[in-house]
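*Asks:* My questions concern the predicted model and sequence given below.
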Amino acid sequence: MALAMDLVRSSEPDPINGYRSFELGEFKLTRDAYFATVDWPAKGQRHIHKLPIDYFLRAMMRDVAWGFFYGWVNFDHIFGTKNLYGTVEMYAGRYNEAYHLAGLSYVETFDEPVIMATFKAILADWVNAGFDPFAAPEETSTSVFGPKNGNNFEAIERTRLNTQRMPGVAGDSPLRDEAAYPINRHFLDVPQDDPVVRAEPGFEDQLSAFNLFKYLSRSDVTWNPSVTGVCKASLACPTTEEFILPVFHGNDRVEWFIQLSDHIVWDVQDKETGRPRAMITMRAGDVAAMPADIRHQGYSPKRSMLYVWENATPGLPDRYESGELPVYPVEF
Amino acid sequence: MAMRTIFGSLEDHTQGDAEIISGSVKHYVFSNMFAVAAKSAPYEKVVVAKNLEYVMEAIRAEGTSPWFACSHDEFVIDMDGDVTIEFVKLNEPNAVAPRDREGTVAVSGEPAGRRMGTIELKRGHQALLPAGAAYRFTAARPGVLLMQTILGPLSVQKWADICMHPQTEGVLA
């Protein structure tokens, strides 16, 4: 990573607002008091696109935290990344029908360590003290706006737990420490009792259970799944959601959502063009697939618990893209 | 003002809805686990999500289940009600649930092995059902379990009965 950090291309701080600008290939990324600006070449000219800086940083934070995730991370209808697992495409306008048909889209592929190092450097420079891009708007400061004002490394460098089977199992990732992870203000009514495990002598390390709802009620981040069950390549990735999923996630495989509490409205669009496909309202107990040919963005008016279920079988993107696998998981 | 967290149950659940702009509501394989369990037989393992060979099953917990086993880890979340799980370490796990066979299998009769203990679950609790152990559930009152496993001989697929389709959805014209 030291080598990748050396490849980050950044300017000196702007004399007016204090922020650095960054270049990645032919892309140029700058910020000012309110906006991030993406600048790219097409048809012999430079083109620009602006995103509100709080939206941009929330999206970039997820892209970094998720390791570019499964498939497309659309920051909005113009700009985003596509994970090629080892390399990452960065695009502007490629998955916007109007831009692409007009020949104004641009795509460039980078080695994953280089784009990751650049995104981390952007977050380190552009996230001001007091602003947590993982938090719901009501929980964090508006210090994201305005001229450069310190940093918030603690918020952007959270460690992601690596769970092998289930949190709390002997030798596996730990449960959330109650002192370090207080109950979120929206989950104060969630029971905090623990399962009763009565193991016979010799089996103390083999029987395991935990309170998943308690675990989730103490999550200090939004829209950031963590693994709580590993059945071969089947990964249970529950998460707590509030406000808007900061990206339109484009699926390179089928993904499933199980709504554990409250409700989320999903805006589903065509993955390639962005044309609207559906609005799906999921309430507690609802189960729905996100097919392999869509992008989706969720709206959660109250902090809710969502069980995201992923299939991490290697090679799935090629199998869906080639048509070997149907984009819809079940025929009936 | 205090927020109220809404969980579902067999007695109290409301399925969401789908407004389809293009395509079919069937593409989303949209069901509600409580509605599924409300119409299921006790311990019927109804598949509510399927991703190739991997499945999530909604199970109505009521009374005492048969003994089950599996060649790989499974996980169960108690979504409604109180459930106790008994575990037995199988003397010959490969004979009951062969390593090359995936998904939950039924154990014939009483499992042969040492008692491992019990786990008592309430709503929101998750338990590991470890590979090589036999297990069975007991629920004094009807409840709902959500199981993460692999499609197996006991998995029941009845998608047309449980999912929204064009005749049932709240689709905008």
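*Replies:* Happy to help now that I have it.
*Asks:* Now do B:Gly113: how many residues are near it, please.
*Replies:* 18 (other C-beta atoms under 10 Å in any protein chain shown). Every C-beta, even on glycine, is put in place using the N, C-alpha and C of the backbone.
*Asks:* got it, and B:Pro98?
*Replies:* 11.
*Asks:* wait, isn't it in contact with B:His72?
*Replies:* No - counting by C-beta atoms under 8 Å, B:Pro98 stays clear of B:His72, with 11.3 Å between them.
*Asks:* Can you get me the start-to-end distance on stretch B:103-110?
*Replies:* Start-to-end span of stretch B:103-110 (C-alpha to C-alpha, to the nearest Å) is 20 Å.
*Asks:* residues of it that come out buried?
*Replies:* Of the residues in stretch B:103-110, B:103-105, B:107 count as buried by neighbour count, 16 or more other C-beta atoms under 10 Å in any protein chain shown.
*Asks:* could those residues go into CSV alongside secondary structure?
*Replies:* As requested, the buried residues of stretch B:103-110 are arranged in CSV below (DSSP: H, G, I helix; E, B strand; the rest coil):
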residue, secondary structure
B:Gly103, coil
B:Thr104, coil
B:Val105, strand
B:Val107, coil
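*Asks:* Please list which of these are also close to chain A.
*Replies:* By C-beta under 8 Å from any C-beta of the partner chain, no member of the buried residues of stretch B:103-110 lies near chain A.
*Asks:* got those residues as JSON lines, with pLDDT and distance to A:Gln206 columns?
*Replies:* Output for these, formatted as JSON lines (pLDDT from 0 to 100; distance: C-beta to C-beta, whole Å):
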{"residue": "B:Gly103", "pLDDT": "98", "distance to A:Gln206": "21"}
{"residue": "B:Thr104", "pLDDT": "98", "distance to A:Gln206": "18"}
{"residue": "B:Val105", "pLDDT": "98", "distance to A:Gln206": "20"}
{"residue": "B:Val107", "pLDDT": "98", "distance to A:Gln206": "18"}
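*Asks:* Nearest to A:Asp194 among these?
*Replies:* B:Thr104 (25.8 Å; C-beta to C-beta).
*Asks:* residues contacting the closest one?
*Replies:* Applying C-beta atoms under 8 Å, 6 or more residues apart in numbering or on different chains to B:Thr104 gives the contacts B:45, B:68-70, B:74, B:147, B:149, B:152-155.
*Asks:* could you list every residue that touches the residue in chain B that chain A sits nearest to?
*Replies:* Closest approach of chain B to chain A (C-beta to the nearest C-beta) occurs at B:Gly124, with a separation of 3.0 Å. The contact partners of B:Gly124, taken as C-beta under 8 Å, 6+ apart, are A:190-191, A:211-214, B:7, B:77-79.
*Asks:* Now, those that are in helices?
*Replies:* With helices taken from DSSP state H, the overlap with the contacts of B:Gly124 comprises A:212-214.
*Asks:* Chain B: which of those residues is nearest?
*Replies:* Among the ones in helices among the contacts of B:Gly124, A:Phe213 lies closest to chain B (C-beta to the nearest C-beta), at 3.0 Å.
*Asks:* Who are the packing partners of the longest strand seen in chain A?
*Replies:* Identified as the longest strand of chain A according to DSSP state E is strand A:294-311. Secondary-structure packing of strand A:294-311 (3 or more C-beta pairs under 8 Å, 6 or more residues apart in numbering or on different chains; DSSP states H and E): strand A:234-244, strand A:248-251, strand A:255-259, strand A:263-270, strand B:45-51.
*Asks:* Just list the residues touching residue 128, thanks.
*Replies:* By default, I'm working from chain A. Residues counted as contacts of A:Asn128 (C-beta under 8 Å, 6+ apart) are A:143-144, A:146, A:148-152.
*Asks:* should've been chain B
*Replies:* For B:Leu128, counting by C-beta under 8 Å, 6+ apart, the contacting residues are A:165-166, A:169, A:207-209, B:73-75.
*Asks:* what's the longest helix belonging to chain B in contact with?
*Replies:* Longest helix in chain B by number of residues (criterion: DSSP H): helix B:33-38. Helix B:33-38 is contacted from outside by A:258, A:285-287, B:8-10, B:13, B:15, B:46, B:48, B:58-60, B:79-80, B:144, B:146, B:162, using C-beta under 8 Å, 6+ apart.
*Asks:* so where do the strands sit in chain B?
*Replies:* Under DSSP E, chain B gives strands at B:17-20, B:31-32, B:45-51, B:54-64, B:68-69, B:74-80, B:83-90, B:105-106, B:113-121, B:125-129, B:133-150, B:155-156.
*Asks:* Deepest-packed of those, please.
*Replies:* When you average the neighbours per residue for each of the strands of chain B (mean count of other C-beta atoms under 10 Å in any protein chain shown), strand B:74-80 leads with a mean of 27.
*Asks:* can it be found next to chain A?
*Replies:* Yes - applying C-beta under 8 Å from any C-beta, one finds strand B:74-80 touching chain A at B:74-75, B:77, B:79.
*Asks:* Make TSV from the buried residues of stretch B:103-110 and add distance to A:Tyr307 to it.
*Replies:* Formatted as TSV, the buried residues of stretch B:103-110 follow (distance: C-beta to C-beta, whole Å):
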residue	distance to A:Tyr307
B:Gly103	20
B:Thr104	20
B:Val105	25
B:Val107	28
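*Asks:* Could you dump the strands of chain B into JSON lines and include distance to A:Thr118?
*Replies:* Shown next, in JSON lines, are the strands of chain B (distance: least, C-beta to C-beta, whole Å):
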{"stretch": "strand B:17-20", "distance to A:Thr118": "39"}
{"stretch": "strand B:31-32", "distance to A:Thr118": "42"}
{"stretch": "strand B:45-51", "distance to A:Thr118": "33"}
{"stretch": "strand B:54-64", "distance to A:Thr118": "35"}
{"stretch": "strand B:68-69", "distance to A:Thr118": "50"}
{"stretch": "strand B:74-80", "distance to A:Thr118": "38"}
{"stretch": "strand B:83-90", "distance to A:Thr118": "49"}
{"stretch": "strand B:105-106", "distance to A:Thr118": "50"}
{"stretch": "strand B:113-121", "distance to A:Thr118": "46"}
{"stretch": "strand B:125-129", "distance to A:Thr118": "38"}
{"stretch": "strand B:133-150", "distance to A:Thr118": "36"}
{"stretch": "strand B:155-156", "distance to A:Thr118": "46"}
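*Asks:* And the lowest mean pLDDT element among the helices and strands of chain A?
*Replies:* helix A:2-6 (a mean of 74; mean pLDDT, DSSP states H and E).
*Asks:* list the contacts for A:Pro133?
*Replies:* A:54, A:57-58, A:60-61, A:123, A:127, A:155-156, A:246.
*Asks:* And A:Tyr328, by the same measure?
*Replies:* If you count contacts by C-beta under 8 Å, 6+ apart, then A:Tyr328 has A:254, A:289, A:291-292, B:26-27, B:29 around it.
*Asks:* Perfect, I'm done here.
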